[in-house]
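Enquirer: Any chance you can model this:
(chains A and B)
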Amino acid sequence: QKEVEQNSGPLSVPEGAIASLNCTYSDRVSQSFFWYRQYSGKSPELIMSIYSNGDKEDGRFTAQLNKASQYVSLLIRDSQPSDSATYLCAVMNAGNNRKLIWGLGTSLAVNP
Amino acid sequence: DTAVSQTPKYLVTQMGNDKSIKCEQNLGHDTMYWYKQDSKKFLKIMFSYNNKELIINETVPNRFSPKSPDKAHLNLHINSLELGDSAVYFCASSLGHFTGELFFGEGSRLTVL
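Expert: A predicted model of the protein is given here:
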């Protein structure tokens, strides 16, 4: 069973700090990795995608991928209370019957 | 204009009834999905269609039947509703079925009494 694992949290950080969210995956040949944000009572929203080893930055968000360690992370710099949400990691499996494998999500609380 | 829209947003119904949820996307995407998110917040894919063709059909009871009249629409009909069907059902779309960049609708919260 291919899996994506995340710490459910809650992860609590003070406003202005760096929030670090982690995700591991079991399918070694996965190629595409995604972070979605889901506010309470709302639908998931794509915030980052990453396809190559290394870092990818977009504003206050940085996604980091290490395929050798089967590990993908999301850093949120200068965390704001509006970043409080559940962050879902999703991994596209390989092969012809591709589909996203989802983690359970990490709940982030940014405290003013 | 809402990119992916679902109706209705809320359904409250009795066990044994039949209900439908409709979804439409105006993004010009080829692929559409139905996801179920239960009370534990796990997001589980149910079906995906690519250009009206069924691509993914997860282990879902036969009571659930999707229908895609065209690539901009994907509906979900549920027969003989059970208590365990209570969840939020999300429709989503993507450019194609090889991308994980999905656009979600607002969700339809189904409560079975």
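
Enquirer: From now on I want contacts and neighbour counts done on CA atoms only, so please keep to that.
Expert: Noted.

Enquirer: Chain B against chain A: which residues are in contact?
Expert: For chain B, the contact set with chain A under Cα under 8 Å from any Cα of the partner chain comprises B:41-44, B:55-56, B:90, B:97-107.

Enquirer: quick one: the helices in chain B?
Expert: Assigned by DSSP state H, chain B shows no helices.

Enquirer: Show me the strands paired with the helix or strand of it with the lowest mean pLDDT, marking each as parallel or antiparallel.
Expert: One helix or strand of chain B scores below all others by mean pLDDT, DSSP states H and E: strand B:53-57, with a mean of 89. Counting by DSSP bridges, the strands paired with strand B:53-57 are strand B:43-50 (antiparallel).

Enquirer: who's sitting farthest from the centroid in chain A?
Expert: In chain A, the greatest distance from the average C-alpha position (Cα atoms, centre = their mean) is reached by A:Asn96, at 24.3 Å.

Enquirer: Okay, strands next: where are they in chain A?
Expert: A:4-6, A:11-14, A:19-25, A:32-38, A:45-50, A:54-58, A:61-66, A:71-76, A:85-92, A:100-102, A:106-111 (DSSP state E).

Enquirer: Can you give the contact residues for the first one?
Expert: By Cα atoms under 8 Å, 6 or more residues apart in numbering or on different chains, the list of residues contacting strand A:4-6 from outside reads A:22-26, A:89-91, A:101-106.

Enquirer: what mean pLDDT does that strand have?
Expert: In this model, strand A:4-6 has a mean pLDDT of 95.

Enquirer: Note down every partner strand of that strand and its orientation.
Expert: Here, using DSSP bridges, strand A:4-6 pairs with strand A:19-25 (antiparallel).
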